[in-house]
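Enquirer: Build the 3D model from these lines:
(chains A and B)
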Amino acid sequence: MRRFIYEISESWKIAVAQMGSNKMRSTLTALGVIIGIVAVTLMGTAISGISIGFDKSMAIFGDDVLYVGQWPWKRVDDWWNYRDRKKIKTEYAEPINRMIAATPRSNLTVAVPTSSVYRSVKYGDGEVNNVLVRGTVSDYVITSTFDFKEGRFFNELESRGGANVCVVGYDVANALFPSASPLDKSVLINGQPFKVVGVISRQGTFLGLFSLDSIVVMPLPAFQKYFTAKSEADILVKVTDKTKLAEAKDELVGIMRRVRGLSPEKKDDFSINEQQALKSTLDPIKNSIAIAGLFITGLSLFVGAIGIMNITFVSVKERTKEIGTRKALGARRRTILLQFLIESTALCLLGGFIGLALAFLMCFLIGVGFPSFPVHFSTDLVVVSMVVSVLTGLIAGFAPAWTASRLDPVAALRYE
Amino acid sequence: MESFDEALNIRPHGRSVIEIQDITKRYVMGEEIVHALRGVSLRIHRNEYIAVMGPSGSGKSTLMNMLGCLDTPTSGHYQFNGKNVAEMDDNELAEIRNREIGFVFQTFNLLPRSTSLRNVELPLIYAGINPETREEMAARALQKVGLADRMNHKPNELSGGQRQRVAIARALVNNPSFILADEPTGNLDSKTGGEIMGLMETLYQQGHTIILVTHEADIARHARRTVHLRDGLIESDDYLPLMETEFVIGSP
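Expert: Sure thing, here's the model as predicted:
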């Protein structure tokens, strides 16, 4: 055991001396690994950045809210079966809430109707286009995950009475009120004034596709009065206990069937959606992007590994006589194997360190220059890329090191 | 010179370090089978100074590789301190080479980027000796060959004779059963070669066992016993005349 430790420390010294005496060669070889590690690490940061953004986007839906809608949140091959379903109406919220109240120990808490359109929002000379204008009730705040930057959500009184009040998203507030507080000011939507009672804090984008902060929320009666007479809606239903989501879903299906008056032999003509279902639809896409990305960047690391293998073969060839001498002096096969494995690993580790440092720097610069670009540098990533470097060194060095360890000492000593 | 006296006592009928019996070695070279050794038997005792001679192709190098445990015979017995070498695996052979044999090569075979001290330490690393003891032993071996002031020099800062001395110190450092020197003066001028042979003589006087492989009769003359090989067989095995031996014994 002690001999093993001395052999390893000796091999390290040789490896360092070897790199020092072949600086140009070592640098060029390490460059292959550096590029590989930079590519893989950056891909890793992008993947974890995307993943974090994805989870954030998913969190918007809340893990304890069921969504009643006409369409399911997944790909359907028989879209014609869904097309002709009856629309979900805002009026459903009331009977659903009644039935929830009538059910003892119900798994559901409250149902909230929402209805949305896209409109421009004006204040003074400022105007924001394509804002999601949503009508709902005061209980909406229970089903949502957002916080308030300032102000409050509209209360039950305002909700029932259909007062001309609204809550604005972060982007809307920022665009229309760059310096002042929007609270108690009136914004114009469709020419109608709505008094701002609250500002939602920043929520970011949904999967990087559209901003979640470009939104205005107002009481449903006001919404229906000024924007649409149709009562097409999504119904949000909050669950009592998120660990009993399946039971809650069953209960809601029962309630919806009664609301729709479906006889037992008829199929459901509505869909109950949840965050988890959306997640399980999108997860495979996310994962295949990650796998494809890592595979492609992994190829550059593979090229780097071939460089290491090549240079180790050259090193073995050049030092055949030295190997013979070492064997004559009592080096075992294991000793020689270790020596060259450590040399190739040291080279890869060096490349790994430099590559990681470069990747860190690039990540930092990307973060400064393009804040919206999803990169995330973690300690896990550091550990993983160091492990990958070491593995690359071991795998790349194995074939040449094995060849060296099997050299016949007589032939090796005679080699010139 | 206690070791020398001790060596004297056992020399005539002492335990043999090396005992080979009817050793053969065949190589396949292309389609031809080369019989490098055709049945060689040899017994070498402690504190012998023996020269193995022969022209190229005589099997001299092959015999040296066998004696140095770098190679195993095709057939025959090889006993090393009572252990059967012919049946050893690579690791056991490495162990024997490390502990029992000190190699001295014609081309010195020093590690070019390491100091004398580090070069001499190398066998001790493979023997698993701790760093402090290692350095101490290596320094002592270098002192023995007269290079106490060249410990931190690298091979390219040393003359040929000094390099060979470092190699000899490296061969000695593990206190091996014998020193196997393959044409140790082959790359040196005659004056330096003479100095190296003088060092060999001193080591022999101090009780070391020396096997010298050479094709030069001048060099072989330093040994007390000369084995001549020809065509893979021992042609002659001569001890120096007794008188000369007596003279040597009387000399220290």
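Enquirer: C-alpha from now on. contacts and neighbour counts both.
Expert: Will do.
Enquirer: can you give me the helices in chain A?
Expert: A:2-21, A:23-59, A:80-83, A:93-102, A:140-143, A:156-161, A:170-176, A:220-226, A:245-260, A:275-318, A:320-328, A:333-369, A:379-405, A:409-414 (DSSP state H).
Enquirer: Residue A:381: what's it in contact with?
Expert: A:41, A:44-45 (CA atoms under 8 Å, 6 or more residues apart in numbering or on different chains).
Enquirer: Which single one of those is nearest to residue A:192?
Expert: residue A:45 (46.5 Å; CA to CA).
Enquirer: what about that closest one, distance to chain B?
Expert: Separation of residue A:45 from chain B (CA to the nearest CA, to the nearest Å): 42 Å.
Enquirer: what does residue A:240 give?
Expert: For residue A:240, the distance to chain B - CA to the nearest CA - is 69 Å.
Enquirer: same deal with residue A:197?
Expert: From residue A:197 across to chain B, the span is 78 Å (CA to the nearest CA).
Enquirer: Could you say which of the contacts of residue A:381 is surrounded by the most neighbours?
Expert: residue A:41 (27 neighbours; other CA atoms under 10 Å in any protein chain shown).
Enquirer: Test my guess that it contacts residue A:385.
Expert: Yes. Residue A:41 lies in contact with residue A:385 (CA atoms under 8 Å); the separation is 6.8 Å.
Enquirer: what touches both of the two?
Expert: residue A:356.
Enquirer: Show me which of the contacts of residue A:381 is closest to residue B:197.
Expert: Distances from residue B:197 to these, taken by CA to CA, are shortest for residue A:41, at 61.8 Å.
Enquirer: residues contacting the closest one?
Expert: Going by CA under 8 Å, 6+ apart, the list of residues near residue A:41 reads A:356, A:359, A:381, A:385.
Enquirer: Make a markdown table from those residues and add pLDDT and distance to residue A:264 to it.
Expert: As requested, the contacts of residue A:41 are exported to a markdown table (pLDDT from 0 to 100; distance: CA to CA, whole Å):
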| residue | pLDDT | distance to residue A:264 |
| --- | --- | --- |
| A:356 | 92 | 62 |
| A:359 | 91 | 61 |
| A:381 | 84 | 54 |
| A:385 | 88 | 58 |
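Enquirer: which one among the residues you listed gets closest to chain B?
Expert: Taking CA to the nearest CA as the measure, chain B sits nearest to residue A:356 out of these, at 31.1 Å.
Enquirer: so that closest one makes contact with residue A:385?
Expert: Yes. Counting by CA under 8 Å, residue A:356 touches residue A:385, with 7.5 Å between them.
Enquirer: Please enumerate the shared neighbours of the two.
Expert: Here residue A:356 and residue A:385 share the contacting residues A:37, A:41, scored by CA under 8 Å, 6+ apart.
Enquirer: Show me the contact partners of the strand or helix carrying residue B:167.
Expert: In the assignment (DSSP states H and E), residue B:167 maps to helix B:160-172. Helix B:160-172 has contacts (CA under 8 Å, 6+ apart) with B:101-105, B:108-110, B:116, B:119-123, B:138, B:141-142, B:144-147, B:155, B:179, B:184, B:187-188, B:192-193, B:195-196.
Enquirer: if you set the cut-off to 6 Å instead, what comes out?
Expert: Here helix B:160-172 makes contact (CA atoms under 6 Å, 6 or more residues apart in numbering or on different chains) with B:102-104, B:108, B:120, B:141-142, B:145, B:192.
Enquirer: so what pLDDT did the residue of the stretch 51-200 of chain A found nearest chain B get?
Expert: Residue nearest to chain B within the stretch 51-200 of chain A: residue A:51 (50.7 Å; CA to the nearest CA). Looking at residue A:51, its pLDDT stands at 84.
Enquirer: what's the burial count for the spatially closest residue to it that is not a sequence neighbour?
Expert: Closest residue to residue A:51 apart from its sequence neighbours, by CA to CA, 6 or more residues apart in numbering or on different chains: residue A:286 at 7.6 Å. Residue A:286 has 15 neighbours, counted by other CA under 10 Å.
Enquirer: mind checking how far residue A:286 is from residue A:370?
Expert: According to CA to CA, to the nearest Å, residue A:286 and residue A:370 sit 22 Å apart.
Enquirer: Same question for residue B:122.
Expert: If you measure residue B:122 against residue A:370 using CA to CA, the figure is 56 Å.
Enquirer: Likewise for residue A:110?
Expert: 41 Å.
Enquirer: Between the two, point out the one with more neighbours.
Expert: A direct count of neighbours by other CA under 10 Å for residue A:110 and residue A:370 places residue A:110 higher, at 22 against 11.
Enquirer: give me every residue that touches the closest residue to residue A:244 other than its chain neighbours.
Expert: Leaving out its chain neighbours, the residue that sits closest to residue A:244 by CA to CA, 6+ apart is residue A:107, at 7.4 Å. Neighbouring residues of residue A:107 by CA under 6 Å, 6+ apart: A:239-240, A:248.
Enquirer: how about these in TSV, adding pLDDT and distance to residue A:351?
Expert: Below are the contacts of residue A:107 laid out as TSV (pLDDT from 0 to 100; distance: CA to CA, whole Å):
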residue	pLDDT	distance to residue A:351
A:239	89	52
A:240	88	54
A:248	90	54
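Enquirer: in the longest helix belonging to chain B, what's buried?
Expert: In chain B, with assignment by DSSP H, the single longest helix is helix B:190-205. By neighbour count on 16 or more other CA atoms under 10 Å in any protein chain shown, the buried set for helix B:190-205 is B:192-194, B:196-197, B:199-201, B:203-205.
Enquirer: Next: stretch B:52-62.
Expert: Neighbour-count burial for stretch B:52-62, counted by 16+ other CA under 10 Å, picks out B:52-54, B:58-62.
Enquirer: cool, and stretch A:19-30?
Expert: Counting neighbours by 16+ other CA under 10 Å, one finds that the buried residues in stretch A:19-30 are A:19, A:26-30.
Enquirer: Is residue A:389 in contact with residue A:348, as I believe?
Expert: Yes. If you go by CA atoms under 6 Å, residue A:389 and residue A:348 touch, sitting 5.4 Å apart.
Enquirer: Can you tell me the centre-most residue of the chain?
Expert: With no chain named, the answer covers chain A. residue A:51 (1.3 Å; CA atoms, centre = their mean).
Enquirer: actually chain B
Expert: Most central in chain B under CA atoms, centre = their mean is residue B:180, positioned 1.1 Å from the mean C-alpha point.
Enquirer: Assumed that residue was part of a strand.
Expert: Yes. Secondary structure assignment places residue B:180 in a strand (DSSP: H, G, I helix; E, B strand; the rest coil).
Enquirer: Could you report the distance from it to residue B:59?
Expert: 16 Å.
Enquirer: which residue sits closest to residue A:133 in space, ignoring its chain neighbours?
Expert: residue A:216 (4.8 Å).
Enquirer: quick one, what contacts the one you found?
Expert: With contact set as CA under 6 Å, 6+ apart, residue A:216 has these partners: A:133, A:167-168.
Enquirer: Can you list which of those residues are found in strands?
Expert: A:133, A:167-168 (DSSP state E).
Enquirer: Would you mind giving those as TSV with pLDDT and neighbour count added?
Expert: Below are the ones in strands among the contacts of residue A:216 laid out as TSV (pLDDT from 0 to 100; neighbours: other CA atoms under 10 Å in any protein chain shown):
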residue	pLDDT	neighbour count
A:133	93	23
A:167	94	28
A:168	93	29
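Enquirer: Can you tell me which residues in the stretch 1-150 of chain A are near chain B?
Expert: Residues of the stretch 1-150 of chain A found near chain B (CA under 6 Å from any CA of the partner chain) are residue A:3.
Enquirer: Could you rerun that using 8 Å?
Expert: Residues of the stretch 1-150 of chain A lying near chain B by CA under 8 Å from any CA of the partner chain: A:2-4, A:6-7, A:10, A:17.
Enquirer: so what's the backbone phi/psi at residue A:77?
Expert: Dihedral angles of residue A:77 (phi, psi; degrees, to the nearest 10) stand at phi -90, psi -20.
Enquirer: I'd like the distance from stretch A:115-122 to the chain centre, please.
Expert: Computed by CA atoms, centre = their mean, to the nearest Å, the chain-centroid distance of stretch A:115-122 equals 29 Å.
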